[in-house]
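1. structure, please.
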Amino acid sequence: MTTNESREAMRAAARSPEAFAGYVADIQSRLLGIASTLSLLAQETQVELRGTHVEGDRPWDARVRAWRVERPLRELITSIENAVTAAEKVNFRRRKHDEKVAALPAQRAAKALEKANKRTPKTLPVNKSAEQVPPPTKTGYAEPQSIFDLRDVRDRKSA
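-> Got it, this is the predicted structure:
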């Protein structure tokens, strides 16, 4: 497969949510297979390397030598398992993105309706024969909100 063909295949997978999920699931299953194979390799390597004794070794020398090979192999397996987890996360985020995009026109329509309703006057007459009630004017003074607002202004002390 050439580079252009693979790019076209990836473009098609990126356009379709189902194809995207299928492709990522395929990669995820391949990674799981690689991780299980590497786990078997790690076990067999551990047995082989720890069983290799050289004349003059102390009891722990073979194990210490083996750690230098086992540690990077374990890190590789962990990285692949993290990649599998990341693939699950990518599928979840893509699904959430598609749901959000699908719901966006309805949310925008609701927001536009709310905005339009804010512009209409709040006080409407009960019957058509009644005159239009003008909206209340703001005088700059608020009505008392609590009992403490009823105190006389002269009782207040300055800071």
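
2. helices of this structure, residue ranges please.
-> With DSSP state H as the criterion, the chain has helices at 3-15, 17-50, 61-119.

3. just the ones you listed: most buried one?
-> Of all these, helix 17-50 has the most neighbours on average by mean count of other CB atoms under 10 Å, namely a mean of 14. Backbone N, C-alpha and C define where each C-beta goes, glycine included.

4. and that one, average pLDDT?
-> Averaged across helix 17-50, pLDDT comes to 93.

5. now tell me what touches the helix or strand of the chain with the lowest mean pLDDT from outside.
-> In the chain, no helix or strand scores lower on mean pLDDT, DSSP states H and E than helix 3-15, which sits at a mean of 89. By CB atoms under 8 Å, 6 or more residues apart in numbering, the surrounding residues in contact with helix 3-15 are 1, 19-20, 22-23.

6. rerun at 6 Å
-> Contact with helix 3-15 is made by 19-20, 23, as judged by CB atoms under 6 Å, 6 or more residues apart in numbering.

7. likewise for stretch 57-67?
-> Contact with stretch 57-67 is made by 49-50, 52-53, as judged by CB under 6 Å, 6+ apart.

8. using JSON lines, please lay out these together with distance to Arg71.
-> What follows is these, written out as JSON lines (distance: CB to CB, whole Å):
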{"residue": "Leu49", "distance to Arg71": "12"}
{"residue": "Arg50", "distance to Arg71": "13"}
{"residue": "Thr52", "distance to Arg71": "17"}
{"residue": "His53", "distance to Arg71": "20"}
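
9. of all those, which comes closest to Val69?
-> For those, the residue nearest Val69 by CB to CB is Leu49; the value is 5.9 Å.

10. for the residue nearest the centre of the chain, give its distance to Ala21.
-> Nearest to the centroid of the C-alpha atoms of the chain, with distances taken as CA atoms, centre = their mean, sits Arg93, at 6.0 Å. From Arg93 over to Ala21 the distance is 11 Å, taken as CB to CB, to the nearest Å.
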